[in-house]
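A.B. asks: Okay, sequence plus prediction incoming.
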Amino acid sequence: MTLLAHPETWITDHAIPVGTWSTDFVNFVKNNFQGFFDGLSNVLGFLLDGTTSLLHAVPALLLIVIFAALTYAFKRSWRMALFVFAALLFILNQGYWDRTLETISLIVYATIACMAIGVPIGIAAAHRPALYRVLRPVLDMMQTLPTFVYLIPTLVLFGLGSVPGLISAIVFVVPTPIRLTYIGISNVPRPLIEAGQAFGASPTELLWKVEIPAALPTILAGLTQVIMLSLSMVVIAALVGAGGLGEPVVEAMETVQIGKGFTSGLAIVIVAVILDRVFRPNKESSSA
Amino acid sequence: MSFAAKFEAVDILFPGSADRGARARMQTALAALDAGKTRNDIIGLTGIVVGAADVNLEIEQGEIFVLMGLSGSGKTTVLRALNGLNTISRGRITIRHGDELVDMSNPPPATLRRLRNQAVSMVFQQFALLPWRTVRRNVELGLELRKMKPAEMRAAVDQWLDRVGLLQWADKHASELSGGMQQRVGLARALVTNPDILLMDEPFSALDPLIRNKLQDELLQLQRTVQKTIIFVTHDLDEALKIGNRIAIMKDGRVIQVGKPEDIVLRPATDYVAEFVAHMNPLTAIRAASLMRPIEALRAADGVHRFNDHQDYVLHLDTSGQLIALHRDGAASPFHQPQPGVRCPPGSTGIVTGQHLLKDIVEIRQQTTRPVLVADNGRIVGCIGTTEILDALTQAGRADYRDNTAALN
Ligand SMILES: Nc1ncnc2c1ncn2[C@@H]1O[C@H](COP(=O)(O)OP(=O)(O)OP(=O)(O)O)[C@@H](O)[C@H]1O
Ligand SMILES: [Mg+2]
């Protein structure tokens, strides 16, 4: 086959081995850093499953009451507490309680990890314009890349189970707190920064006493989004064996069970509504 | 009196973007400045904005020094160089902190922080209070950065909140206060650190005129007890004349005249200053000493001091110049020294000091219906009649008037 006689065939015959490269790369990482990934996988798995078992150890009804009480402590609203109580009771009634606990563990750790990674990176980016210029396309890619694409390498590196679910959730969600922290910190009013400087604040003091408090409403809005986005990953996490409320959805899909699909979907929606209502910042908390 | 801060040939240029050519452009701009190019030329040539050029100032300890000029004249630029919020491109700024003279031209970060925390504090035009903090916590800022113990800090802060009349508001959030109150918080925040120098950048211009006036009075009142060196930026000449012990007039980044309020009003150095002064309110700017007819001008051919247009007042002075008696149409006429807030009896003659404002003199003149005498330590130095008042009201700042008063001094 020559290029001139059959250009199309030539082009397809000489495919650039991008796929092979990426396979090689993932294999290289796996072969050389297996110890690291195994270790990470063990630690995360221990935390996730440990938390789930811990929640399991508490009688379901007691835990529901505790959640309702926490809601009241947080929001000072009897209606909200009552809603949480009834909604969780419904989930228990439909037989999704264990699944819900697994999902809660996943969300808790995904949220902690995303905030712990995202906030410092966001701050660093706000302080260094050059860093943000590099970071922005990476963040865009992380959010536009179909989730299934990086599900495969996470599977290779972490095996099946709750950990790859968590990792995929983090990869998908972490750009959000980075972006929002960046926006919050870079929009701190200039006069407030100067007030801090004019009274002799060092860069670290400026960060803790002026920048972070001023950006806090935006950072907290990021926290709410992180929680909701982590929840949106449950079905995908279930595909790699992470359990949780996504699992019955996947099962229902595979076996075409309309009722199961509907009830499990409803359970996810209920958890979403609860999380959204409870963690959406109060209006007045933005000034506190 | 020794200086609190000194500017020596200070240029402040804003380089704009910090790209590779910035250094070379800065050199070009400085050279152009030396060659006498204007600010606009330099922007066109290099893109660099000249914020302040060749500023030489000596600010004395304990004075209120006003920087005054139109928008963009470089007042803020000069002010902010004093606490390093603007870095200077050339020249030298020295600040006295206790017994120490600190070179502010390019201080190491630690020195700069120490100076900002202990020697120089600032009151901002838009208050710049931290909205998530309470009033008390806002005032604490400087002391907190000093790592002072909470109990100690609270005592100092509450004392200042009391002085600015906001102790009851200590636990409110800054955003719950009116503008005037917020600026009092700003003032307390700056003064609680007991600085050597207080920088105030148009602190009252965001407030309505009544509150502005009140805060000006409060500042003057406060200054009598704290005796700080205050550098005050304003574009309002009346405010400058009211508050300033000395005033520097700026234009296009340069200082074109420095002097006492009287100097500025009565002896403008350039037409630009004269133009400025033409718009001021003479009632609160001109003082008795500069508008009176001096005593020598009252001596008539017969050696007797007479005043008034009809020459019907006769002053009897002793050898030291003290007033012994005052006669009108041959009859003795009463005289007295007016007390603030007390109405003057009609038909008597008021004796004021040279420091009294035209505003006070007009008031006394109206109450007594008599001319006003000016005394310096008991010695009569001049008199002010209707003619002098009208002249001052209509002609202050005008060239012919300037020449007159210059001749008198
Ligand atoms: N950070 C900066 N970067 C670039 N140019 C600046 C900067 N700060 C001030 N300038 C320029 O320097 C000049 C003097 O500004 P400055 O703020 O000192 O004026 P001002 O007398 O305080 O005016 P205003 O009454 O409006 O506050 C202006 O032309 C301004 O555009
Ligand atoms: Mg200004």
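C.D. replies: In hand now; what should we look at? Ligands and ions are numbered 1, 2, ... in the order given.

A.B. asks: Got phi/psi on B:C383?
C.D. replies: phi -140, psi 150 (degrees, to the nearest 10).

A.B. asks: Does it touch B:R370 like I think?
C.D. replies: No. The pair B:C383 and B:R370 fails to qualify as a contact (C-beta atoms under 8 Å) at a distance of 10.3 Å. For the C-beta atoms, the positions are set from N, CA and C on the backbone; glycine is no exception.

A.B. asks: These two: which is more packed in?
C.D. replies: Neighbours per residue (other C-beta atoms under 10 Å in any protein chain shown) separate B:C383 from B:R370, with B:C383 holding more: 25 against 22.

A.B. asks: For chain B, what is the nearest residue in chain A?
C.D. replies: Residue nearest to chain B within chain A: A:G200 (2.9 Å; C-beta to the nearest C-beta).

A.B. asks: what about the closest residue to ligand 1 within the stretch 51-200 of chain A, neighbour count?
C.D. replies: Sorted by distance to ligand 1 under C-beta to the nearest ligand atom, the residues of the stretch 51-200 of chain A start with A:R190, at 9.7 Å. A:R190 is surrounded by 9 other residues when neighbours are defined as other C-beta under 10 Å.

A.B. asks: Pull the contacting residues for it.
C.D. replies: Residues near A:R190 by C-beta atoms under 8 Å, 6 or more residues apart in numbering or on different chains: none.

A.B. asks: and if you look at the one 4 residues further on?
C.D. replies: Contacts for A:E194 were tallied using C-beta under 8 Å, 6+ apart; they are B:L85, B:F124, B:A128.

A.B. asks: Quick one: name whatever helix or strand follows the strand or helix carrying it.
C.D. replies: Using DSSP states H and E, A:E194 sits within helix A:190-198. On the C-terminal side of helix A:190-198, the nearest following helix or strand under DSSP H and E is helix A:203-206.

A.B. asks: Output the contacting helices and strands for that next one.
C.D. replies: Based on contacts counted as 3 or more C-beta pairs under 8 Å, 6 or more residues apart in numbering or on different chains; DSSP states H and E, the elements that helix A:203-206 packs against are helix A:190-198.

A.B. asks: now with 10 Å?
C.D. replies: Contacts defined by 3 or more C-beta pairs under 10 Å, 6 or more residues apart in numbering or on different chains; DSSP states H and E place helix A:203-206 against helix A:190-198, helix B:109-118, helix B:135-145.

A.B. asks: Can you lay out these as TSV showing mean pLDDT and distance to A:S77?
C.D. replies: What follows is those, written out as TSV (pLDDT from 0 to 100; distance: least, C-beta to C-beta, whole Å):
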stretch	mean pLDDT	distance to A:S77
helix A:190-198	95	33
helix B:109-118	94	44
helix B:135-145	95	29
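
A.B. asks: Just name the most buried of those.
C.D. replies: Comparing these by mean neighbour count (mean count of other C-beta atoms under 10 Å in any protein chain shown), helix B:135-145 comes out on top with a mean of 23.

A.B. asks: Does chain A have contacts with that helix?
C.D. replies: Yes. Counting by C-beta under 10 Å from any C-beta of the partner chain, chain A has neighbours in helix B:135-145: B:N138, B:L141, B:G142, B:L143, B:E144, B:L145.

A.B. asks: starting at the chain centroid, how far to that helix?
C.D. replies: In this view, helix B:135-145 has its centroid 28 Å away from the chain centroid, taken as C-alpha atoms, centre = their mean, to the nearest Å.

A.B. asks: Dump that helix to CSV, keeping only the CA atoms.
C.D. replies: Listed next in CSV are the C-alpha coordinates belonging to helix B:135-145 (Å, rounded to 0.1, in the frame of the first residue of the first chain):
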residue,chain,number,x,y,z
VAL,B,135,-16.6,46.2,65.9
ARG,B,136,-14.4,45.2,68.8
ARG,B,137,-12.6,42.5,66.7
ASN,B,138,-12.0,45.0,64.0
VAL,B,139,-10.3,47.4,66.3
GLU,B,140,-8.3,44.5,67.7
LEU,B,141,-6.6,43.8,64.3
GLY,B,142,-3.3,45.7,64.9
LEU,B,143,-2.9,44.4,68.4
GLU,B,144,-3.8,40.9,67.4
LEU,B,145,-1.1,41.0,64.8
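
A.B. asks: Put the alpha carbons of the helix or strand just after it into CSV.
C.D. replies: The element immediately downstream of helix B:135-145 (helix or strand, assigned by DSSP H and E) is helix B:150-163. Provided in CSV are the C-alpha atoms of helix B:150-163 (Å, rounded to 0.1, in the frame of the first residue of the first chain):
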residue,chain,number,x,y,z
PRO,B,150,-6.6,38.9,74.7
ALA,B,151,-7.3,40.5,78.1
GLU,B,152,-4.8,43.2,77.5
MET,B,153,-6.0,43.8,74.0
ARG,B,154,-9.6,44.0,75.1
ALA,B,155,-8.8,46.7,77.7
ALA,B,156,-7.0,48.8,75.2
VAL,B,157,-9.7,48.4,72.5
ASP,B,158,-12.6,49.2,74.8
GLN,B,159,-10.9,52.3,76.0
TRP,B,160,-10.7,53.5,72.4
LEU,B,161,-14.2,52.4,71.5
ASP,B,162,-15.3,54.5,74.4
ARG,B,163,-13.3,57.5,73.2
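
A.B. asks: Having no further points to raise, I will conclude here.
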